[in-house]
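Colleague: Here is my input, please return the structure:
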Amino acid sequence: MSKISKLFLAAIVIISLSSYVVHSKFFVDDEEKDKIILAMAMSYLDNLHYQTLPINNEFSQKAFDLYIKRIDYNKRFLLQGDVKELEQYKNKIDDEIKADSFDIYNLANEILDIRRSEVEEFYPDILEKPFNFSKDEGVEMDHDKREYAKSKSELIKIWTQDLKYQTLSRLNRKIEAQNKLIADPDTTIEEKTIAEFEIEAREGVKENMDNYFIRVNKINEQDRISIYVNSIVNVYGPHSGYFPPEDKERFDISISGKLEGIGARLSQPGHEIKVVSIVPGSASALQGDLKVDDIITQVAQGDDEFVSIEEMRLDEAIKLIKGPKGTKVRLTVTHKNGNEQIITIIRDVVILEETFAKSFILQDNGTKVGYILLPKFYTDFDNRNGRTCSKDIEIELEKLKEQGVSGVILDLRNNGGGSLRDVVDMVGLFIDEGPVVQVRGRDNELKVLSDNRKGIVYDGPLVVMVNEYSASASEIFAAAIQDYGRGMIIGSSSTFGKGTVQRFYDMDQMVSGQMAEYKPLGAVKLTMQKFYRITGGSTQLKGVTPDIILPDLYTYLETGEQEQEFVMPWDKINPADFTVWNATWNTSEMKYKAEKAIAEETFFTTVDEMAKELLESQDDSYIDLELEKYQAYQKELEDQSDKFEELFQSIDGFDVSSIAGDLEKLQGDTIKVRINSDQIDNLKEDRYVYESSRVIKRMLKPSVVKAGMNYDVR
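Modeller: Here you go, the predicted structure:
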């Protein structure tokens, strides 16, 4: 952003907030802070967002509908009368914004607190008595099909059905587990009756609900205002939003793949802070005393006094446990055996290895193929010399070239995107030079982002794997490779369809003086640009259609950007000037051969049949609460699951291995070795990866295209 734009935005923010700085405060007033957050968010949106929107009654109605849906998404608390009372503000949120008023917000929270207290009071009574599972009744699981309760008595009935369903689910699992043990000739057990299991199931649901309300009662002002502000911001689009400080920090960790701390993942099932897993290679893993399932009760910074975290929110406890590299933290923990121990850990940089690119060698009946998994387009925004996906992919390509691979598969399935700059650099690893993507901002100024570094890191056959959850940067990469004819795109019928570019703005940088007492405020993420393929079309909504389409379970379901609310439309611009790759393979031929092979594969024909069944059953959201009917339904689901699982078996002539050097680095860390072994086993059974390797093999053969020719599919 230019200096002028920054100064203009700063002026707008200062003007819009000037009414709030009227006197010095000795404490932070939540309402005043909320006003600052919303005013700043609206200023950013009005001055920088890709599209401008009039803040009027139509805007208000959209924001209202989002807000009501989000504060009670499954319609378990609000009554019809509550919603009607709140509807007085349906056309007034725009007025509320302009008047710095939070009347709907305050009223909604007041009503919700009352309803939650009422439910917390009556749900234990429901779970005191046995449920009758021979009664012919059911529960609607699709919350969009539900109506809000008309009265408290009707709300109790809704909760009774929900709790009965939860109990039935637990009961059925207990019965199934016992039946399996009875069928095992080597196992002798003392059988329990359905009535005994029903008691245990209700007790389990009661414990689960108790823990749920412990979490609900720890909802704070930051949680509440985040929902309200985002209900307003999201009218501009699903990818713009307000991020409270902790949410922004989590985003930064996910995109960089690193943080500073002890390297333990924690959860809070009730009041307790429990260790869920230890990050391999982290400070906790190297120290060795902290174990999975340990309960952390106290935290001390260095040699300071201990602070109890037993009643803290999880995010507040994590703040105390995390800290800069090289600092000391002491934890009082209770081990699974009941023993208590004080553990001293020196914090360090925690590397989340699952974030980063990783390569393997595939052996397909004598053909050696390189495989690279890229979970996301990561980068380190805080460190110019930090780890980035483009650098790592270049390293992996060099390693695979040293192994003498005949082709490379880049797996972008479930990759939701990330750094725009890195995707441009990554495309540059596969082409000499040229445009990669076109971007256009709210001023309609068009900018072409190009690979300007001459030279190619890898020039052999390339297959890019995608699915319906490959989004944003993944779509830019796949589109560029497809438009250049540089490789073959293979995957589900279309990618996600996110064709917009976002940028974060730190609110703390825009406040100073007396306003600084309100920090931290968080950040706002804005849609700044739309991106377009070098051929001119947008990937917005349409996504990227692979050259070779492989059936999957979601083939016939509507997924992706089109399912979001308030999305931007598809459009197109003029193409950029680029030169198509001089490929040794013919895309039409590769597509023809692959389609013929796929049609003859039992795996893919079975998956296609199951996808059609899933389409037929997606509207069937009513669950019977009669035990026998429920068991029959679960048996049907289990049979379908087993049928799908049976398709994934090791493939004859297809082997997977790690690069020798990578394997050596894992030695000594049993967790990393196990994770690596599991990845290899999964790849050996992955028919989608196998089919991609077959495409590589066909790409290696000289093209012999002739009109009407029946190709050999071997």
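
Colleague: which residues are contacting stretch 555-573?
Modeller: Stretch 555-573 is contacted by residues 50-51, 62, 66, 234-238, 438, 440, 446, 468-469, 471, 492-500, 527, 530, 532, 536-538, 540-543, 608, 611-612, 614-615, 618 when judged by Cβ atoms under 8 Å, 6 or more residues apart in numbering. Using the backbone N, CA and C atoms, a C-beta is placed for each residue, glycine as well.

Colleague: Just the ones of those residues in strands?
Modeller: 438, 440, 446, 500, 527, 530, 532 (DSSP state E).

Colleague: Neighbours of the residue lying closest to K135 once chain neighbours are set aside, how many?
Modeller: Using Cβ to Cβ, 6 or more residues apart in numbering and skipping residues adjacent in sequence, the residue nearest K135 is E626, 6.6 Å away. Applying other Cβ atoms under 10 Å, we find 17 residues neighbouring E626.

Colleague: what do you get for T297?
Modeller: 16.

Colleague: Over to K319?
Modeller: The tally of other residues near K319 (other Cβ under 10 Å) stands at 16.

Colleague: quick check, it in a helix?
Modeller: Yes: under DSSP: H, G, I helix; E, B strand; the rest coil, K319 falls within a helix.

Colleague: Quick one: residues contacting it.
Modeller: So K319 contacts nothing (Cβ under 8 Å, 6+ apart).

Colleague: And it, how close does it get to P520?
Modeller: Separation of K319 from P520 (Cβ to Cβ, to the nearest Å): 11 Å.

Colleague: Helices - which of the contacts of stretch 555-573 land there?
Modeller: Members of those lying in helices (criterion: DSSP state H): 62, 66, 608, 611-612, 614-615.

Colleague: Now the two most distant members of those residues.
Modeller: K62 and D608 (38.1 Å; Cβ to Cβ).

Colleague: neighbours around Q631, how many?
Modeller: Q631: 17 neighbours (other Cβ under 10 Å).

Colleague: Now do the closest residue to it other than its chain neighbours against E191, distance only.
Modeller: Counting by Cβ to Cβ, 6+ apart, Q631 lies nearest to N172, which is 6.1 Å off, once chain neighbours are set aside. Here N172 is placed at a distance of 16 Å from E191 (Cβ to Cβ).

Colleague: Please say which of the two ends up with more neighbours.
Modeller: Neighbour totals were compared for N172 and E191, and N172 leads with 19 against 9 (other Cβ under 10 Å).

Colleague: Is that one located within a helix, as I assumed?
Modeller: Yes: according to three-state DSSP, N172 belongs to a helix.

Colleague: Contacts only, for it.
Modeller: 627, 630-631, 634.

Colleague: what's around the closest residue to P238 other than its chain neighbours, how many residues?
Modeller: Distances taken as Cβ to Cβ, 6+ apart place Q564 nearest to P238, at 4.0 Å, with adjacent residues excluded. For Q564, the neighbour count with other Cβ under 10 Å is 16.

Colleague: what's the distance between the residue nearest to Q631 and K129?
Modeller: 19 Å.

Colleague: can you give me the helices in the stretch 201-350 of the chain?
Modeller: 221-233, 245-256, 283-287, 314-321 (DSSP state H, counting those that start in this stretch).

Colleague: buried residues in the helix or strand where S693 lies?
Modeller: Counting by DSSP states H and E, the element that carries S693 is helix 687-700. Across helix 687-700, burial judged by 16 or more other Cβ atoms under 10 Å covers 687-699.

Colleague: Look at the residue nearest to the spatial centre of the chain and tell me its secondary structure.
Modeller: Nearest to the geometric centre of the chain sits G416, at 7.7 Å (Cα atoms, centre = their mean). Following three-state DSSP, the label given to G416 is coil.

Colleague: Please report how far the closest residue to it other than its chain neighbours lies from A478.
Modeller: Spatial nearest neighbour of G416, excluding adjacent residues (Cβ to Cβ, 6+ apart): A471 at 4.8 Å. Between A471 and A478 the distance is 10 Å, computed by Cβ to Cβ.

Colleague: Pick out whichever of the two has more residues nearby.
Modeller: Set A471 next to A478 and count neighbours by other Cβ under 10 Å: A478 wins out with 31 against 25.
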